[in-house]
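Enquirer: Can you look at this prediction? I've put the sequence above it.
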Amino acid sequence: MGIKIAGVGMYVPPRVLTNHDLEKIVETNDEWIRTRTGIVERRIADPEVATSDLAYEAAKIAIERANLKPEDIDAIICATITPDMVFPATAYLVAEKLGIKRPGFDLEAACSGFLYSSTVATAYLRSGIFKNILVIGAETLSRITDWQDRSTCVLFGDGAGAVVYTIDDSPSDILAMELGGDGGCGDLLYMPAGGSKMPASEETVKNRLHFIKMNGRETFKMAVRMMTESVEKVMKKANLTKDDIKLVIPHQANIRIIDAIAEYLGVSREEKFFVNLDKYGNTSAASIPIALAEAVESGRISRGDIIILVAFGGGFSWGAIALRY
Ligand code: UT7
């Protein structure tokens, strides 16, 4: 049975925050941010806009491009670390906005969330329970970014991407999948407070514990290592050579991470890797579906091309999918 990407869509909020804007907020400069990360600007959602609003906009486009109607969607998985609220799941809020009553849930695997969700969707489709699944990666990271911490606040942005996966009788377009995780690294990239271990209190707010904390250097090293390995593993599983691959769509965290992966793999970054982190920064679970949608819109990939999606994030979590678009 053949699993396909039927449609992709993306949406970012219109408000742009440039590196120069950040110079007025924390002690940083455009030169440092560009050279250390490759990021030039990012999008920030207005206060009244929540993650489900961004998710809904991306979902509408993905469903339309799949030539489907919202009623054709059987289930929704929303990958996010910034849900509208702890519960109900953002997936239900998006379903309501789409005007449908459907099963759904949020999946939390940080920056690997979209990739993990895609593997879950694939398993559902293969099991025969559903025919069309909407997978969304959506974040308003600006709400959990510490705007006093220059080591993290320059990195993140808001946005959403969505994909409709469907199944038919043709050969599957999903060629290979690979997932990894290491809970021993949880405290290298995390948000300490707001969960059951450290519920919100005056103390947690005062100590700025409701924001992303990251050991950048360690995260960087692991990101390069595990994303490189994941690409190699899916290539091997799917029996692909470098020449078979039209484009790698990596999680957009840092241009130096992407450069290092390209170098380890022995391919040209410009030719084989899609990059849009200069415009949006790191949008966690939204980064890969946003990049996928832009790769399609810009003509970097066409139907039939073999691509690899590769992610790394908090957990640590990582993985890759090789597929025929
Ligand atoms: O989404 C999940 C995956 N996330 C990632 O993969 C992120 C991985 N990490 C990174 O991308 C990089 O580690 C960062 C971009 C976060 C940091 O780059 P770095 O080259 O590792 O810099 P660093 O943290 O080692 O800091 C170097 C210097 C420090 O100054 P000293 O101690 O050398 O005097 C920092 O204080 O740069 C300083 N610094 C800054 N300077 C200006 C840190 N942030 C800034 C800033 N502006 N925004």
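Expert: Yep, that arrived.
Enquirer: Which residue is the nearest non-sequential neighbour of the residue of the stretch 151-300 of the chain found nearest the ligand?
Expert: As assessed by C-beta to the nearest ligand atom, the ligand sits closest to Gly216 within the stretch 151-300 of the chain, at 2.8 Å. Placement of C-beta: from N, CA and C, glycine included. Counting by C-beta to C-beta, 6 or more residues apart in numbering, Gly216 lies nearest to Ser151, which is 6.2 Å off, once chain neighbours are set aside.
Enquirer: quick one: the one you found and Arg217 touch, right?
Expert: No: Ser151 is beyond contact range of Arg217, at 10.2 Å (criterion: C-beta atoms under 8 Å).
Enquirer: The residue of the stretch 1-150 of the chain found nearest the ligand sits in which helix or strand?
Expert: Of the residues in the stretch 1-150 of the chain, the one nearest the ligand is Thr28, at a distance of 3.3 Å by C-beta to the nearest ligand atom. Under DSSP states H and E, no helix or strand contains Thr28.
Enquirer: what's near enough to touch the closest residue to it other than its chain neighbours?
Expert: Of all residues beyond its chain neighbours, the one nearest Thr28 is Arg150 (4.8 Å), with distances taken as C-beta to C-beta, 6+ apart. For Arg150, the set of contacting residues under the criterion of C-beta atoms under 8 Å, 6 or more residues apart in numbering consists of Val26, Glu27, Thr28.
Enquirer: Mind doing that once more with 10 Å?
Expert: The neighbourhood of Arg150, defined by C-beta atoms under 10 Å, 6 or more residues apart in numbering, consists of Leu22, Ile25, Val26, Glu27, Thr28, Asn29, Trp32, Ile33.
Enquirer: what's the pLDDT at it?
Expert: Turning to Arg150, the model gives it a pLDDT of 98.
Enquirer: Kindly report the same for Thr241.
Expert: Listed pLDDT for Thr241 reads 98.
Enquirer: you'd agree it is up against Gly266?
Expert: No: between Thr241 and Gly266 there is no contact, the gap being 11.5 Å when judged by C-beta atoms under 10 Å.
Enquirer: tally of neighbours for the residue nearest to Val267 when sequence neighbours are not counted?
Expert: Setting aside the residues directly before and after it, Val267 is nearest to Lys242 in space (C-beta to C-beta, 6+ apart), at 5.6 Å. The burial metric for Lys242, expressed as a neighbour count using other C-beta atoms under 10 Å, is 12.
Enquirer: So what's the residue count around Pro192?
Expert: The burial count assigned to Pro192 is 16, neighbours taken as other C-beta under 10 Å.
Enquirer: Identify the residue spatially nearest to it, adjacent ones excluded.
Expert: If you skip the residues right next to it in sequence, Pro192 has Leu209 as its closest partner in space, 4.4 Å away by C-beta to C-beta, 6+ apart.
Enquirer: Report the separation between the one you found and Gly159.
Expert: Taking C-beta to C-beta, to the nearest Å as the measure, Leu209 and Gly159 are separated by 25 Å.
Enquirer: and what of Met85?
Expert: With distances taken as C-beta to C-beta, Met85 is found 20 Å from Gly159.
Enquirer: now Lys60
Expert: 15 Å.
Enquirer: So those two - more neighbours on which side?
Expert: Gly159 (32 against 17).
Enquirer: Hmm, Leu265 is touching Val248, no?
Expert: Yes: at 8.2 Å, Leu265 and Val248 qualify as touching, with contact defined as C-beta under 10 Å.
Enquirer: got any residues that touch both of those two?
Expert: Shared contacts of Leu265 and Val248, defined by C-beta under 10 Å, 6+ apart, are found at Met227, Val231, Lys242, Lys272, Phe273.
Enquirer: List the residues that contact the last one.
Expert: In this structure, Phe273 makes contact with 247-250, 255, 258-259, 261-262, 265, 267, 291, 308, 310, judged by C-beta under 10 Å, 6+ apart.
Enquirer: Among Leu265 and Val248, which residue is more densely surrounded?
Expert: Between Leu265 and Val248, Val248 has the larger neighbour count (other C-beta under 10 Å), namely 23 against 19.
Enquirer: partner residues bridging the more buried one?
Expert: When assigned by DSSP bridges, Val248 has beta-bridge partners Phe273, Ile308.
Enquirer: Now for the nearest residue to Arg208 once chain neighbours are set aside, how many residues are close by?
Expert: Taking C-beta to C-beta, 6+ apart, and ignoring the residues beside it in sequence, Arg208 has Asp146 as its nearest neighbour in space, at 5.7 Å. When neighbours are defined as other C-beta under 10 Å, Asp146 has 17 of them.
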